[in-house]
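Asker: Test case, fold it:
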Amino acid sequence: MVHFNISLRESHSTRYPYYIMSTSAVTAPRKKRLSEGLTVTQKVFVRSRNGGATKIVREHYLRNDIPCLSKACVKCQDIVVPDAANEFPRFILSESPQVLGQGIGKHYVVLDTNIILLAIDLLENPDCFFDVIVPQIVLDEVRNRSYPVYTRLRTLCRDSDDKKRFIVFHNEFNEHTFVTRKENETINDRNDRAIRKTCEWYASHLAKQGIKIVLVSNDRLNREAVEKTENKENYITKSLYNYVSLLANGDEIKDLIPNVDAADSLEDKDKEDMADFTFPEYYSTARIMGGIKNGVLYQGNIQISEYNFLEATVSLPRFSKPVLIVGQENLNRSFNGDQVVVELLPENEWKAPSSVAIDSEHFDVNDNPDGDDNEEAAHNLHSTLISDKQRRLLARDAIQAQKSKKVQPTARVVAVTRRSWRQYVGQLAPSSVDLKSGGIQNVFVILMDKCLPKIRIRTRRAAELLDKRIVISVDSWPTTHKYPLGHFVRDLGGIETAEAETEALLLEHDVEYRPFSKKVLECLPEEGHNWKAPVDLKDPEANSKDSQLKNRRDLRDKLICSIDPPGCVDIDDALHAKKLPNGNWEVGVHIADVTHFVKAGTALDAEGASRGTSVYLVDKRIDMLPMLLGTDLCSLKPYVDRFAFSVIWELDDNAEIVNVDFTKSVIRSREAFSYEQAQIRIDDNQQQDELTMGMRALLQLSIKLKGKRLAAGALNLASPEVKVHMDSETSDPGEVEIKKLLATNSLVEEFMLLANISVARKIYDAFPQTAMLRRHAAPPATNFEVLNEMLQRRKGMSISLESSKALADSLDRCEDPKDPYFNTLVRIMSTRCMMAAQYFYSGAYSYPDFKHYGLAVDIYTHFTSPIRRYCDVVAHRQLAGAIGYEPLSLVHRDKHKMDMICKNINRKHRNAQFAGRASIEYYVGQVMRNNETTESGYVIKVFNNGIVVLVPKFGVEGLIRLENLTDDVNDAEFDEVEFKLRFKPKNSNKIREIYVFDSVEVQVKSVLDPVTSKRKAELLLK
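Answerer: Numbering: from 1, shown residues only. Have a look, this model is predicted:
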């Protein structure tokens, strides 16, 4: 094997803090023959910041044994060598590839970088693009320009089946395809030449097999360079559009071509219409960098308001609260979640947060998708010139205004530094579809996320796609377009079909739901469901298979049981309690030993890390790990032996920890209870067996643990959680009920918290820089400003924020004797003011910042649910390393890799929560379809044009618009100070006043919105 030192490759986005010094910039490379290839040597001089120059010699090794991976090839089968795992590469490209017309015949496809970045959705489509060669130089370029697209491309190549057949060809290390950069040649031109060289080699290499090479590129200069190539008999190039046109199903596939490519064929009328609307141009990179350095521009993530899509906020480090961005011009083509650069507006343009609710779905419903003209946008709203010095003074005034005034500093977006674009789910706006047109037409897609604008796509299938949930991708948002441009990806099925709606919400929340790949399933135990824990841990044969078995403790004599929600099959945890001779209690928490089966660095581990968490919907569960593990081999089912990771304490009668021990173990659960079954058993005085007595002890100890937590300042918050009952035979939603919590819920929760805290301390002691932990930051006082103002005005109450204890005590005081639900309502609204808890590695923060504010503990992690959370998998590995059971993988000792893991699982955890809520919302809507009722609700927000009401029974909230409250909207009065809306109800002459926190009777029914085709709960005031 010949190894390489460094690859001579740069990307479009690469920036170096030095420049090269030499007569010709790069010394001419020289080649020397090695035992198995060539090496290219290159000398460069690098100037350091202190003015010195350093000579750097780089050697790039080339090989002559890199195969083409075509099954048709008769040469490469003889030159291949095994890899580091002693496995030979698999030949994937078909010997009988797809045949194209125009005399092309059998062919393989080579892609350039921009095609992959532009059309990854098209490449993933199962109906086109087969036998595709991705040159290594292209793969590297894609990685540097878009890591999400790179990940999708790697997955496409890694999991390439017998149908798609994608390969990566390492052209940069093949002596036949490596090209040296010429004098005065740009990096991009050199890389384009490397792609063409790869095509030439393949064309020559497979000429006798009659297989031609088609380079798909939208780069006109690259295509012209191919035409000048001498040996181009078996090698041609096509643009993406022209290549797709040659396919048998080309007319269908053309709808999937990104709008950027289709823009070349726009009619003159379209171009004229576009010119009528202009967004401000983004600032140049140099101006952005200079502005941020000088303190006149600021960078942050933009959050669009859920109630007004024309208003957003950006959190900035120097400011006590987010700055406001109001209006389309100032939002300047930014999407919810984008990383943006903003510039403060002059003080005369500062505003108070909007008191009007506006959603994108019903805004400009009759806009014409064939034109983006807008007379109001024709003039520039921000012609005022302000110097940098004035802007710095403006920032000082803005910070002061945030502390003292209702009017808030406003800003405008001057650049988007990172897009949050992904695949989106939506439906065609019926008003934009011309049913008489049989050809291609522009139409609007209304997205499920109401914070986002409509997307304009071009399609031939507009009439067919009406009343369908469809997936689209965003391609671009030019300054001359009022709406972003996108392209159709696929349709999910009819609106309101359970399959389409479930897949839509999974896609919308970026939940991976495809079946586990073959490589992942190959990591599972060969015995499958027949796997069994060894009867004797000292058995020589069992120890020969598992060298760590001797370190496991046999706890099968303990009276262990599990307590979970009814119907739970992925049982992560079990408990036991036993009275010790000294009067103390031995208490054990036993957690499924997932890491025995999921080893670091395997395909199974990579899949679990990518998914991050299991997702629980009303009608299904999307597993983080294959079902064999989650519901069988790892699940702590009763009456069978299972491997576990046990935390065993000695507790006194006051639930104080005397001692704690951690061990890998083998257990046998005696029973699997539901919360209700466990509660009944504990309450039944006839039950005096040892297992029940242990459960009663656990309950009493848990009550003391909770008391100590609450005394320390732990918060008891709330959320409007409901449960949807499904019919066991038809799988139709039956009824909705508010979740009931029993004492046994708290029993399990307290001991899981105690285990998580104990493990956090242990792994932090062992790995102080990379321990996997979870923190919950204290909320800034500004988060509670509006809620406190509401409470002060309406109830004469307030929430204190000096500490979590002060907050907890003040929440306890928020009682209304006339309304027992009021305290729960305040807790629900307080929950929304809190910061989100997040996973982190210990080296990212100082110890005081580890604090979990909600639990009032100084350090915390997640350890108790490894079947459904990847954080817990990492914590298990670190705990195993901490107790000397097995060495810790280097991945979990590396700060950079731990940071990537934490960022991913934070995002996946948040998405899983939103997906679960969306599933409940959908099924609650289905339950209410034929069940119109009148229910009690509470006003939680008052706007100029409506009120937001929460209905606890269904856990839903909705905006009741002013036009549904009164016939005379102009006569209504909004009092911003008193949080009051005054109006004359329909069919009445009496004036009615609605305040925030008011209890109201509302008519609840499920309606299908005619504009968005979304079913939602419609609330009408009684």
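Asker: switch to C-alpha atoms for all contacts and neighbour counts from now on
Answerer: Will do.
Asker: Now do stretch 624-643, average pLDDT.
Answerer: Per-residue pLDDT over stretch 624-643 has a mean of 95.
Asker: got any ranges where this structure has weak pLDDT?
Answerer: Low-confidence segments of the chain (pLDDT under 70): 1-52, 55-58, 161, 230-233, 260-277, 360-366, 370-406, 720-739, 1011-1012.
Asker: what's the top helix by length along it packed up against?
Answerer: Ranked by number of residues, the top helix in the chain under DSSP state H is helix 895-927. Packing partners of helix 895-927 (3 or more C-alpha pairs under 8 Å, 6 or more residues apart in numbering; DSSP states H and E): helix 498-508, helix 603-611, strand 615-616, strand 722-726, strand 733-738, strand 838-841, helix 870-882, strand 1015-1021.
Asker: those strands in the stretch 651-800 of the chain, which residues are they?
Answerer: Counting by DSSP state E, counting those that start in this stretch, the stretch 651-800 of the chain has strands at residues 657-674, 722-726, 733-738, 772-775.
Asker: List the beta-bridge partners for the nearest residue to Arg621 once chain neighbours are set aside.
Answerer: Counting by C-alpha to C-alpha, 6 or more residues apart in numbering, the nearest residue to Arg621 once its immediate chain neighbours are dropped is Val615, at 5.8 Å. Beta bridges link Val615 to Ile622, judged by DSSP bridges.
Asker: please begin residue numbering at 18 from this point
Answerer: Understood, numbering begins at 18; the last thing we discussed is Val632.
Asker: Pull the contacting residues for Val632.
Answerer: Val632 sits next to 528, 638-641, 929-930, 932-933 when contact means C-alpha atoms under 8 Å, 6 or more residues apart in numbering.
Asker: Closest one to Trp438 out of those, please.
Answerer: Distance to Trp438, by C-alpha to C-alpha, is smallest for Val528 among the contacts of Val632, at 15.4 Å.
Asker: Ile96: neighbour count?
Answerer: 10 (other C-alpha atoms under 10 Å).
Asker: Test my guess that it contacts Cys85.
Answerer: No. Look at Ile96 against Cys85 with C-alpha atoms under 8 Å: they stay out of range, at 10.5 Å.
Asker: who touches Asp866 in this structure?
Answerer: By C-alpha under 8 Å, 6+ apart, the contact set of Asp866 is 792, 794.
Asker: what kind of secondary structure is it in?
Answerer: Secondary structure for Asp866, judged by DSSP: H, G, I helix; E, B strand; the rest coil, is helix.
Asker: That one and Glu200: what is the separation?
Answerer: Computed as C-alpha to C-alpha, to the nearest Å, the Asp866 to Glu200 distance reads 53 Å.
Asker: In the stretch 68-217 of the chain, what residue spans correspond to helices?
Answerer: 130-141, 153-162, 164-175, 204-222 (DSSP state H, counting those that start in this stretch).
Asker: between those, which one is nearest to Lys1022?
Answerer: Judging the helices of the stretch 68-217 of the chain by C-alpha to C-alpha, what sits closest to Lys1022 is helix 130-141, at 38.4 Å.
Asker: So which elements touch the closest one?
Answerer: Checking 3+ C-alpha pairs under 8 Å, 6+ apart, helix 130-141 ends up next to helix 153-162, helix 164-175.
Asker: winner for burial among those?
Answerer: Burial of those is given as mean neighbour count (mean count of other C-alpha atoms under 10 Å); helix 153-162 ranks first at a mean of 20.
Asker: Remind me what that one packs against, helices and strands.
Answerer: When contacts are defined as 3+ C-alpha pairs under 8 Å, 6+ apart, helix 153-162 sits against helix 130-141, helix 164-175, strand 183-186, helix 204-222.
Asker: and for stretch 593-613, what are the contacting residues?
Answerer: 575-578, 588-592, 646, 651-653, 659-670, 681, 711-712, 714-715, 768-769, 772, 881-884, 890, 893-894.
Asker: now do 6 Å
Answerer: Stretch 593-613 has contacts (C-alpha atoms under 6 Å, 6 or more residues apart in numbering) with 576-577, 589-592, 651, 660-669, 711, 881.
Asker: Stretch 641-658 now?
Answerer: The contact list for stretch 641-658, computed with C-alpha under 6 Å, 6+ apart, reads 550, 586-588, 609, 611, 625, 628, 630-631, 684-689, 884-885.
Asker: roughly how far out does that stretch sit from the chain middle?
Answerer: 27 Å (C-alpha atoms, centre = their mean, to the nearest Å).
Asker: Okay, now that stretch: how far is its last residue from its first?
Answerer: When the termini of stretch 641-658 are compared using C-alpha to C-alpha, they are 23 Å apart.
Asker: Go through it and flag the buried ones.
Answerer: By neighbour count with 16 or more other C-alpha atoms under 10 Å, stretch 641-658 contains the buried residues 641-644, 646-655, 658.
Asker: and which of those is nearest to Leu469?
Answerer: Met641 (29.2 Å).
Asker: Could you grab the helix/strand/coil label for that closest one?
Answerer: Secondary structure, three-state DSSP: Met641 is coil.
Asker: Skip the chain neighbours and tell me the closest residue to it.
Answerer: Using C-alpha to C-alpha, 6+ apart and skipping residues adjacent in sequence, the residue nearest Met641 is Ser631, 4.6 Å away.
Asker: and the gap between the one you found and Pro532?
Answerer: Applying C-alpha to C-alpha to Ser631 and Pro532 gives a distance of 13 Å.
Asker: neighbour-wise, which of those two wins?
Answerer: More neighbours surround Ser631 than the other of Ser631 and Pro532, with 23 against 11 (other C-alpha under 10 Å).
Asker: I'd say that one and Arg638 touch.
Answerer: No. In this structure, Ser631 is not within contact of Arg638 by C-alpha atoms under 6 Å, at 7.1 Å.
Asker: so how many other residues sit close to Asp916?
Answerer: Using other C-alpha under 10 Å, Asp916 has 19 other residues around it.
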